[in-house]
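Chemist: sequence unknown, structure follows:
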């Protein structure tokens, strides 16, 4: 069986127009047992100044918080149900965040969003 992957980006911006961008890697199809690494390239702001979170959404279901990254320290934190097989990393030099999922199962098939912490 093939697992479909659809990736989007999510960011909350209000007020004046902003050039802040979160650009995610294209959709991919993977087989069960394989590894998937999703990238979220940031631009228009200093990545290490704002935390980053990853959200999972399966069709017809509520959003699930996967985990977040303290970008200034590079320290990840995971929701209890995503502590096994999920790894959050970052590359400060390219201002990019990553979500890696190992040993994929059908349950992992979903839309994954990266979402920057909002601050005034």
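Modeler: Nice, thanks for sending it over. Since we're looking at a predicted model, the values are computed, not measured. Residues are numbered from 1 along each chain as shown.
Chemist: what values do phi and psi take at the closest residue to residue 54 other than its chain neighbours?
Modeler: Residue nearest to residue 54 in three dimensions, not counting chain neighbours: residue 66, with 4.1 Å by Cβ to Cβ, 6 or more residues apart in numbering. For the C-beta atoms, the positions are set from N, CA and C on the backbone; glycine is no exception. Dihedral angles of residue 66 (phi, psi; degrees, to the nearest 10) stand at phi -80, psi -50.
Chemist: for residue 83, same thing?
Modeler: phi -80, psi -20.
Chemist: my guess is the residue nearest to residue 54 contacts residue 86. True?
Modeler: Yes: taking contacts as Cβ atoms under 8 Å, residue 66 lies within contact range of residue 86: 6.2 Å.
Chemist: where in the chain is pLDDT low?
Modeler: 1-18, 119-120 (pLDDT under 70).
Chemist: which residues of it fall in strands?
Modeler: Remark: strands assigned in the chain by DSSP state E are 3-4, 6-10, 21-24, 29-30, 36-43, 52-57, 64-70, 75-78, 86-91, 96-101, 111-116.
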